[in-house]
Every structure is written in structure tokens, then in C-alpha cells.
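In: Kindly return the folded structure for what I paste below:
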Amino acid sequence: MGVIRMTEVEGTINQRGILSTPLVNHEHLSIHNLVLKPGESIPPHRMPVDVTFYVVAGQGTIFIGDTENPVIPGDIVQCPIETTMSVAAAEEEGLSVLNMKTPSIKNPSS
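Out: A predicted model of the protein is given here:
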């Protein structure tokens, strides 16, 4: 255990085309930093686990079910298991969010 410096961990482009940096991954929790470019979005999808988003930087909208949640740094948005969700960065700036899944799942896609 120790300090994880997000800027020092290399990310990759995930299956949804978003830069995803794995930060924590064990059976109870996975945390990825998702970085969306201005105007970029993650299409609607469902996950078989609970998902919590923490906004690190930028602005955008996190959609949970039928609810549209405009977000800014410091905001936390929760998404229950098997609920449709999507994320969109504002047109004028990108969006960086921590995507926390509990429990963790194999082969996380977002």
C-alpha cells in the first residue's frame, strides 16, 4: 500500500473509447480515472455492480436512469446496480471522474 499519484499511472483507451487509468483493483473495489475530452461522452449502459462517480476536474453531465446531473469538481454521483448511466463532458471543457465500482468486476469497461 502507498500513495497512488494519478498523474504517474499510465492509462489506456477502453472499449468505449475513453482514456481510463486503473488506480485500485481488488475484489471489493475498483477505481479508474476516466478522462473525457471536451464534448466526448460515454454512451448509455448498465453495470452489474454499484457505481459511484467523483468529479476530479472539468464540467459535464452524468445521467443516471432518467435523471440528468450537471457536475463540477467535488461532486459525487451514485448509480445503483443495473441502472442505465452515461457520462458527457461539457462542450467547452473536458471531464475527469473517478469511477468506483463495488464490488469490483472482471474486465471493467468504464
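In: Can you pull out the low-pLDDT segments for this protein?
Out: 1, 106-110 (pLDDT under 70).
In: Run through the strands of it in chain order.
Out: Using DSSP state E, the strands of the chain run over residues 12-13, 19-26, 29-36, 41-45, 50-58, 60-64, 67-71, 76-79, 85-89, 95-102.
In: Kindly reformat these as a markdown table and extend each row with mean neighbour count.
Out: (Glycine included, C-beta is placed from N, CA and C.) Formatted as a markdown table, the strands of the chain follow (neighbours: other CB atoms under 10 Å):
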| stretch | mean neighbour count |
| --- | --- |
| strand 12-13 | 9 |
| strand 19-26 | 16 |
| strand 29-36 | 21 |
| strand 41-45 | 15 |
| strand 50-58 | 18 |
| strand 60-64 | 20 |
| strand 67-71 | 14 |
| strand 76-79 | 17 |
| strand 85-89 | 22 |
| strand 95-102 | 22 |
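In: Of all the ones you listed, which one is nearest Val3?
Out: Nearest of the strands of the chain to Val3, taken as CB to CB: strand 19-26 at 11.1 Å.
In: For Arg5, find the nearest of the strands of the chain.
Out: The closest of these to Arg5 is strand 19-26. By CB to CB, the value is 9.7 Å.
In: which outside residues touch the closest one?
Out: 4, 6, 9-14, 30-36, 98-99, 104, 108, 110 (CB atoms under 8 Å, 6 or more residues apart in numbering).
In: dump the residue contacts of the residue nearest the centre of the chain.
Out: In the chain, the C-alpha nearest the mean C-alpha coordinate belongs to Asn99, at 3.3 Å (CA atoms, centre = their mean). Contacts for Asn99 (CB under 8 Å, 6+ apart) come out as 20, 31-34, 51-53, 110.
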